[in-house]
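# Just need the structure, nothing else, for what follows:
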Amino acid sequence: MAMVNVRNRSASAGLPALRIANGVGFVLDTAAIIIAVASVVAIFLALMTEVAIRYLTHASLGWPNEVPNLLFPWLIMGGIVLGAHRGSHIAAEAFRCLLSTEQLRILLMLIHLLVAIAFAYLGYLSLQVISITRAQVFPMTGLGQAWAYSSLMFGFGGIAVASLVNLVRVAFCDDPRTMSKQETEHMT
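Sure, this is the predicted structure:
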């Protein structure tokens with residue numbers, strides 16, 4: 001199975017900071033994909049098991065109905081982190097044309113830094129949410145709702161890390177305007 005690593009075509013991958021950023025980005029990208037795909041598969045399998053049991057026995061297992069409540073937040077946060085890392089979100093393209101290459105580089109670096117700080121703080125605040133929801137338990141599985149809310153920490157932390165990775169990429173690329181035109185490098 002080929003893994004995908006996204007990086008800027010014009011940036012020199014030989015620079016240590018860029019190599020580290022690309023490595024961290026690859027790990028983040030892979031983790032987000034695994035979390036999203038595993039969530040979808042687990043939700044599907046749990047619900048299909050419940051449907052089959054109900055059809056065959058006219059009884060319910062009960063616990064499969066709680067699986068979407070536990071894993072859907074992880075699916076959403078996996079997708080959000082993936083989008084933030086790959087730059088697959090809405091961007092103001094018109095404003096980019098008005099700035100010189102260096103002005104755009106500085107602006108993008110500041111934006112990525114502010115996003116990293118804001119989402120790192122939100123990740124820290126999510127620890128309070130997790131501690132509050134730890135006492136709330138799903139009745140059938142016995143799992144705490146903190147498990148579902150832990151996705152906030154992954155999502156906010158993942159966006160913070162993705163912003164730092166993108167900050168390094170912007171800093172070392174030849175032209176920040178090409179950052180949205182990324183090549184895909186297949187690694188086995």
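# C-alpha only now, for contacts and for neighbours.
Noted.
# quick one, helices of this structure?
For the chain, the helices defined by DSSP state H cover 16-57, 67-86, 93-97, 101-133, 146-172.
# The residue lying closest to Leu152 once chain neighbours are set aside: neighbouring residues, count only.
Computed as C-alpha to C-alpha, 6 or more residues apart in numbering, the closest residue to Leu152 that is not its neighbour in sequence is Ser126, at 6.1 Å. Each residue near Ser126 was counted by other C-alpha atoms under 10 Å, and the total is 21.
# Could you do Thr133 as well?
Residues near Thr133, counting by other C-alpha under 10 Å, number 17.
# pretty sure it contacts Ser150?
No: under the contact definition of C-alpha atoms under 8 Å, Thr133 does not touch Ser150, with a separation of 9.8 Å.
# Quick one: residues contacting the nearest residue in space to Arg96 that is not next to it in sequence.
Using C-alpha to C-alpha, 6+ apart and skipping residues adjacent in sequence, the residue nearest Arg96 is Leu104, 6.6 Å away. Leu104 is in contact with Arg96, Pro176, Arg177, counting by C-alpha atoms under 8 Å, 6 or more residues apart in numbering.
# in this protein, what spans have low per-residue confidence?
1-14, 88-94, 179-188 (pLDDT under 70).
# centroid residue for it?
The centroid of the chain falls nearest to Val81 when counting by C-alpha atoms, centre = their mean (1.6 Å).
# which residues sit in contact with Asn69?
By C-alpha under 8 Å, 6+ apart, Asn69 lies in contact with Ala148.
# From Ser151, how far out is it?
Going from Asn69 to Ser151 by C-alpha to C-alpha, to the nearest Å gives 12 Å.
# Likewise for Ala59?
Relative to Ser151, and taking C-alpha to C-alpha, Ala59 is found at 32 Å.
# For these two, indicate the residue with more neighbours.
Ser151 (24 against 12).
# Asp175 contacts Ser100, correct?
No: using C-alpha under 8 Å, Asp175 makes no contact with Ser100, being 9.8 Å away.
# When the two are compared, which one has more neighbours?
Each of Asp175 and Ser100 has its neighbours counted (other C-alpha under 10 Å); Asp175 has more, 18 against 13.
# hang on, Leu71 packs against Ile43?
Yes: applying C-alpha under 8 Å as the test, Leu71 and Ile43 come out as touching, 7.0 Å apart.
# With adjacent residues omitted, what lies nearest to Gly62?
Met140 (6.2 Å).
# burial measure for Leu28, as a count.
Applying other C-alpha under 10 Å, we find 21 residues neighbouring Leu28.
# which residues touch it?
Taking C-alpha under 8 Å, 6+ apart, one finds Leu82, His85, Gly158, Ala162 in contact with Leu28.
# surely the second one meets Asp29?
So that's His85. Yes: between His85 and Asp29 there is a contact at 7.0 Å, judged by C-alpha under 8 Å.
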